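A.B. asks: Sequence and computational prediction follow.
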Amino acid sequence: MNKRALSRDGHLVFSLIIIFLVGYVLYNFSEAPFKYLVYIPVCLFGSLFPDFLEPATHIKHRGFFHSHRMLLFLLFMAVPYSLFLAYKKSPSYMFLTAFLIGWCLHLFGDSLTSRLPR
């Protein structure tokens with residue numbers, strides 16, 4: 001395993017920091033958007049999910065689910081579509097959105113410590 005790669009705890013901490021920074025910037029925590037707190041565990045699970053799909057069994061463990069293509073797909077297709085479904089069909093799709101955002105945070109964290117495959 002790459003010694004510079006984020007561990008499971010590292011991905012959780014990185015994701016929590018980003019979630020709370022975004023929450024602070026968007027809401028300044030004055031409005032206290034408690035209805036969104038339910039999505040944090042789902043987002044954290046999403047931030048660990050790529051490593052369940054592609055476990056770190058060797059140095060080059062990163063495949064398609066850790067790639068730039070997956071990140072671009074998530075950012076420009078999957079997350080916007082899940083937001084569209086959440087607002088047009090059912091708010092329960094926000095759980096899918098939170099999961100996908102967590103996956104994106106995982107890939108962002110990995111890209112800070114090492115290079116993502118194309």
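C.D. replies: Here it is on my side, so go on.

A.B. asks: Do you have the strands of this structure handy? List them.
C.D. replies: Taking DSSP state E, the chain contains no strands at all.

A.B. asks: which residue packs closest to the residue nearest the centre of it, ignoring adjacent ones?
C.D. replies: Centroid check for the chain by C-alpha atoms, centre = their mean gives residue 102 as the closest residue, at 1.8 Å. Distances taken as C-beta to C-beta, 6 or more residues apart in numbering put residue 46 closest to residue 102, at 2.4 Å, once the chain neighbours are dropped. (C-beta placed from N, C-alpha, C; glycine too.)

A.B. asks: Where does pLDDT dip in the chain?
C.D. replies: 1-5, 28-33, 57-61, 115-118 (pLDDT under 70).

A.B. asks: Does the residue nearest to the centre of the chain touch residue 39 like I think?
C.D. replies: No. Counting by C-beta atoms under 8 Å, residue 39 is not a contact partner of residue 102; they are 9.3 Å apart.

A.B. asks: Now do the helices in the protein.
C.D. replies: 8-27, 40-53, 68-73, 79-88, 93-113 (DSSP state H).
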